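Chemist: Any chance you can model this:
(chains A and B)
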Amino acid sequence: MTGAYLALIVLPLAIIGLSLVVFRLARGAGSRE
Amino acid sequence: MNVYQKLIHPAALAVFVVTLFLPVIIGLLVRKRTRCQSDFFLAGRRLSRFSIALSAVASGRSSWLVLGVSGMAYTMGVSAVWSVVGYITAEMVQFVAIGGRLRRLSEKYDAMTLLDFFESHFDDRRQLIRRVGAVIMGIFLVAYVAAQFNAGANSLSVALKLPLAVSLLIASALVLAYMMLGGYLAVVYNDVVRAGIMIVGLVLFPLYGLAKLGGLPVLLRTLEALDPSRINPLALSFGALIGFLGIGLGSPGQPHVVVRYMTIADPAKLRYSAVIGTFWNVVLGWGAVFIGLIGRAMIPDVAAVPDQNPEMIYLVLSAQFFSPVVYGLLVGGIFAAILSTADSQLLVVSSTLVRDLYEKILRRDRPLPESRKLALCRWVVLGSGIVSIVLAYLAKDLVFWLVLFAWGGLGASFGTAIILSLYWKRTTIAGVVAGMITGTLTTIVWKVLLKDATGVYELIPAFVLALGVIILFGVLGRKRPISLEGS
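Modeler: Numbers count the residues shown, from 1 in each chain, chains lettered A, B, ... in the order given. Alright, predicted model coming up:
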């Protein structure tokens, strides 16, 4: 049951969180360019 | 059982028909903003971060998401989530990693197509990349468009009880009308509207289903009681897991998605598109998975699903759960998914014919007057649309055979070339051409001869081999490095 919660709730939130990390990294890279 | 029978209700039919015709109205509205060839293919490179994000999401997702992923979740259970993780992650990264550089360089080169970009980037005076790339792109994308038209026509034929030929003409005429009117701008704005329709379906549906069942814990307990493996996210083979994640390798090579990055007004804003696009990709992907899980909990026996086809679960539950108005919108969502992919691919086919073949190869020494270019674009859209319709009707088997290789073939041949062109100075013309051919051939050979024996998804070896070939040519052949900032 825990695995299902991780896959259905935590995993999508983690991917959205990762997109915010990509956003921050891209801002840093953009300012360097 | 006809899963579309609820469309008999006048309210359902009215909403459904509105979703079909709305794109033509959008085409009419943006017609006057399409004044030259650059407007027709790139919307003058002035689109917003929201339009780019939602358009990339909608055009990248076909009926595979709405019907295919929900069907997979019905069959496999929670482990079907891995089918959406690969492409969502890849598209998130490529918004910024590929999009920014490609947008800046394509403007610098005045490139309207991906092949324009390659030719200028490598100063390819013999036009090798353009010629080989146009053939690969043309074959796969025409097959893709024909298959999408066929899928749309089949659904329309069942839904409205029309002969297949009539449905095919209606489905394709609706797409061609707004494309000829408004070109890329009409395509993008329709993508945004269609993404909205898909979002309504894939958000409303799971929420309503969960509420009806009594919440997520009840859903999971019901699935566990049916078969404990249905709630185990790792209840799939290692090969299947890698195959699902490997779907993402195809994303950077889909020309109809990648070309969107070239059209944002400010490339620095692509990082916002990455967040917006990822959020909605996640909502749509997990929405489709939840629909399959809810479907299994409510209809445990697949024999109760029409044609015993799990991919029908979206339509079965739509008819059971919702009022005619919402049902009409949800069925419209399927067509939105199908047609938003078809129009984007058709526009790339047209730009390949007009720009890459006619203008840049056949009339290389006799430039076409700007006044004639726009009219030519419109007629070529119509012509390539008609070819796709004929193929969809007369050469269905060939079309579906080619489409089996399209995602992998485009991903391996163009994805590797784009990534290395943007990031590796030693990439060569010969390497890119050899990589494109290697990627295409490996995809076909692996799928036909080795996929069953190895259980490995063809895109993975094709991508690795194409990448290796480009690197090999670069290591052996490049004497003067290319400029990654543009020549």
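Chemist: only C-alpha atoms for contact and neighbour calcs from this point on.
Modeler: Will do.
Chemist: Any residues of chain A in contact with chain B? List them.
Modeler: When proximity is defined by C-alpha under 8 Å from any C-alpha of the partner chain, chain A lies next to chain B at A:1, A:3-4, A:7-8, A:12, A:15-16, A:19-20, A:22-23, A:26-27, A:30.
Chemist: what does the one helix or strand in chain A whose mean pLDDT sits lowest contact?
Modeler: When each helix and strand of chain A is scored by mean pLDDT, DSSP states H and E, helix A:11-32 comes last, with a mean of 88. Helix A:11-32 has contacts (C-alpha atoms under 8 Å, 6 or more residues apart in numbering or on different chains) with B:89, B:92-93, B:96, B:268, B:271-272, B:274-275, B:278-279, B:282, B:286.
Chemist: buried stuff in that helix?
Modeler: Across helix A:11-32, burial judged by 16 or more other C-alpha atoms under 10 Å in any protein chain shown covers A:Leu11, A:Pro12, A:Ile15, A:Ile16, A:Leu18, A:Ser19, A:Leu20, A:Val22, A:Phe23, A:Ala26, A:Arg27.
Chemist: Using PDB, write out every CA atom in it.
Modeler: Only the C-alpha atoms of helix A:11-32 are listed here, as PDB (Å, rounded to 0.1, in the frame of the first residue of the first chain):
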ATOM      1  CA  LEU A  11       6.200  10.600  -7.400                       C
ATOM      2  CA  PRO A  12       4.100  13.200  -9.300                       C
ATOM      3  CA  LEU A  13       4.800  15.900  -6.600                       C
ATOM      4  CA  ALA A  14       8.500  15.000  -6.900                       C
ATOM      5  CA  ILE A  15       8.500  15.500 -10.600                       C
ATOM      6  CA  ILE A  16       6.800  18.900 -10.200                       C
ATOM      7  CA  GLY A  17       9.400  19.700  -7.600                       C
ATOM      8  CA  LEU A  18      12.200  18.700 -10.000                       C
ATOM      9  CA  SER A  19      10.800  21.100 -12.600                       C
ATOM     10  CA  LEU A  20      11.300  23.900 -10.000                       C
ATOM     11  CA  VAL A  21      14.900  22.800  -9.600                       C
ATOM     12  CA  VAL A  22      15.300  22.900 -13.400                       C
ATOM     13  CA  PHE A  23      13.800  26.400 -13.300                       C
ATOM     14  CA  ARG A  24      16.400  27.600 -10.800                       C
ATOM     15  CA  LEU A  25      19.300  26.000 -12.600                       C
ATOM     16  CA  ALA A  26      18.200  27.400 -15.900                       C
ATOM     17  CA  ARG A  27      18.000  30.900 -14.400                       C
ATOM     18  CA  GLY A  28      21.500  30.500 -13.100                       C
ATOM     19  CA  ALA A  29      22.800  29.200 -16.500                       C
ATOM     20  CA  GLY A  30      20.900  32.000 -18.300                       C
ATOM     21  CA  SER A  31      22.500  34.700 -16.200                       C
ATOM     22  CA  ARG A  32      26.000  33.200 -16.900                       C
END
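Chemist: give me phi/psi at B:Leu234?
Modeler: When read as degrees, to the nearest 10, the backbone of B:Leu234 gives phi -110, psi 20.
Chemist: Nearest residue to it in space, ignoring adjacent ones along the chain?
Modeler: Spatially, and ignoring its direct neighbours in sequence, B:Leu234 is nearest to B:Ser79 (5.8 Å; C-alpha to C-alpha, 6 or more residues apart in numbering or on different chains).
Chemist: Hmm, that neighbour is touching B:Arg230, no?
Modeler: Yes: with contact defined as C-alpha atoms under 8 Å, B:Ser79 reaches B:Arg230; the gap is 7.4 Å.
Chemist: Let me know how buried the closest residue to chain A within the stretch 351-487 of chain B is, in neighbour terms.
Modeler: Per C-alpha to the nearest C-alpha, B:Glu485 is where the stretch 351-487 of chain B lies closest to chain A, at 10.4 Å. By the measure other C-alpha atoms under 10 Å in any protein chain shown, the count of residues near B:Glu485 is 11.
Chemist: where's the residue nearest to it when sequence neighbours are not counted relative to B:Arg130, distance?
Modeler: Nearest non-adjacent residue to B:Glu485, counting by C-alpha to C-alpha, 6+ apart: B:Leu105, 7.2 Å away. Noted for B:Leu105: a distance of 17 Å to B:Arg130, by C-alpha to C-alpha, to the nearest Å.
Chemist: With B:Thr454 instead?
Modeler: Applying C-alpha to C-alpha to B:Thr454 and B:Arg130 gives a distance of 34 Å.
Chemist: neighbour count winner among these two?
Modeler: Neighbour count, other C-alpha under 10 Å: between B:Thr454 and B:Arg130, B:Arg130 has more, with 23 against 11.
Chemist: Can you verify my assumption that that one contacts B:Glu119?
Modeler: Yes: between B:Arg130 and B:Glu119 there is a contact under C-alpha under 8 Å: 6.6 Å.
Chemist: where in chain B is pLDDT low?
Modeler: B:1-2, B:478-479, B:486-487 (pLDDT under 70).
Chemist: need the residues of it near chain A, please.
Modeler: B:78-79, B:81, B:89, B:92-93, B:96, B:220, B:231-233, B:268, B:271-272, B:274-275, B:278-279, B:282, B:286.
Chemist: now those: which count as buried?
Modeler: For these, a burial check counting by 16+ other C-alpha under 10 Å picks out B:78-79, B:81, B:89, B:92-93, B:96, B:220, B:231-233, B:268, B:271-272, B:274-275, B:278-279, B:282, B:286.
Chemist: Give me the three-state assignment for the residue of the stretch 351-487 of chain B closest to chain A.
Modeler: Of the three states, B:Glu485 takes coil under DSSP: H, G, I helix; E, B strand; the rest coil.
Chemist: just B:Thr75 next, same as before
Modeler: Assignment for B:Thr75 (three-state DSSP): helix.
Chemist: list the buried ones in the helix or strand encompassing B:Gly383?
Modeler: Assigned by DSSP states H and E, B:Gly383 belongs to helix B:370-394. Using 16+ other C-alpha under 10 Å as the test for burial, helix B:370-394 gives B:373-374, B:377-378, B:380-382, B:384-386, B:388-389, B:391-393.
Chemist: ditto for stretch B:6-18
Modeler: B:Lys6, B:Leu7, B:Ala11, B:Ala12, B:Leu13, B:Ala14, B:Val15, B:Phe16.
Chemist: Could you say which helix or strand holds the residue nearest to B:Glu485?
Modeler: Element membership of B:Leu105, judged by DSSP H and E, is helix B:99-108.
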